[in-house]
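> No sequence on hand, only this structure:
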């Protein structure tokens, strides 16, 4: 029996959360190693486990993978979440990258000062409503299918749902002008493995708090 993937990161969302999502959606059980001290991080560095001296890192199939995009692509390919054709794959990548760009604005949010957070919140809402969500709304309308690409679930659907839920944590009615995305959110959330991941007690991480920020700064020596 193959070993479960092992995820090395902090006990929080950050750049590992999309990886957790994708593994969970694929129905893959995984283990987590949470870093809380500088010494743990330095040991990984000394052992040569972090190719570019940064996290996240995932041990899977005998490899120690780094770089979030590379990890996500490997998981998506391995578990049939990356389309059937070259055209489908590039569309999935485009949409997933768009969702990732939006989520990046939120990932950095907890590390900002209060005045900076106020400005960043405006940026998040503006980008979501004027740049990213209109694109996904149009894609769903033009494609006329349950999913963003092709006729099956892909990494793009997963990351767009993740992005929607993250923005809704900042502004609950953010989808009020996007009826296609409202339906998409309900439909994709009800897929069994996704529904399970959204339940309390799953390995999905909560909104980052001050303790998470403190731990990250300690481990990375910021």
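Yes, it's here. Not measured: the values here are computed from a predicted model.
> Can you list phi and psi of residue 34 for me?
Per-residue torsions, residue 34: phi -90, psi 130 (degrees, to the nearest 10).
> when you give positions from now on, start the count at 2
Yep, numbering from 2; the last one is residue 35 now.
> Burial check on the closest residue in space to it that isn't next to it in sequence, number of neighbours?
Closest residue to residue 35 apart from its sequence neighbours, by Cβ to Cβ, 6 or more residues apart in numbering: residue 12 at 4.1 Å. Just so you know, the C-beta spots here come from the backbone N, C-alpha and C atoms, and that holds for glycine as well. When neighbours are defined as other Cβ atoms under 10 Å, residue 12 has 17 of them.
> Just the element for residue 12, please.
Here residue 12, judged by DSSP states H and E, is contained in no helix and no strand.
> ok, now which ones touch it?
Going by Cβ atoms under 8 Å, 6 or more residues apart in numbering, residue 12 touches 33, 35, 37, 206, 213, 216.
> go with 10 Å
Residue 12 is in contact with 33-37, 206-207, 212-213, 216-217, counting by Cβ atoms under 10 Å, 6 or more residues apart in numbering.
> Could I get the full set of strands for the protein?
Using DSSP state E, the strands found in the chain span residues 7-10, 32-35, 58-61, 64-67.
> just to revisit the earlier point, tabulate the contacts of residue 12 (CSV), appending pLDDT and neighbour count.
Output for the contacts of residue 12, formatted as CSV (pLDDT from 0 to 100; neighbours: other Cβ atoms under 10 Å):
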residue, pLDDT, neighbour count
33, 98, 15
34, 97, 13
35, 98, 13
36, 97, 21
37, 97, 14
206, 98, 17
207, 97, 11
212, 97, 10
213, 97, 19
216, 97, 18
217, 97, 21
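> ok, the residues you listed vs residue 147, which is closest?
Nearest to residue 147 among the contacts of residue 12: residue 206, at 27.4 Å, using Cβ to Cβ.
> Please report phi then psi for the closest one.
Dihedral angles (degrees, to the nearest 10) for residue 206: phi -100, psi 150.
> Any figure for the gap between it and residue 212?
Applying Cβ to Cβ, to the nearest Å, the value for residue 206 to residue 212 is 12 Å.
> any shared contact partners between these two?
12-13.
> Could you list the buried residues of the longest helix anywhere in the chain?
If you go by DSSP state H, the chain has its longest helix at helix 87-108. Buried positions in helix 87-108, judged by neighbour count with 16 or more other Cβ atoms under 10 Å: 89-90, 92-94, 96-97, 99-101, 103-104, 106-108.
> Tell me how far it lies from the chain's centre.
Per Cα atoms, centre = their mean, to the nearest Å, the displacement of helix 87-108 from the mean C-alpha position of its chain is 10 Å.
> and it, what does it pack onto?
Applying 3 or more Cβ pairs under 10 Å, 6 or more residues apart in numbering; DSSP states H and E, one finds that helix 87-108 contacts helix 18-26, helix 69-79, helix 115-128, helix 134-144, helix 156-169.
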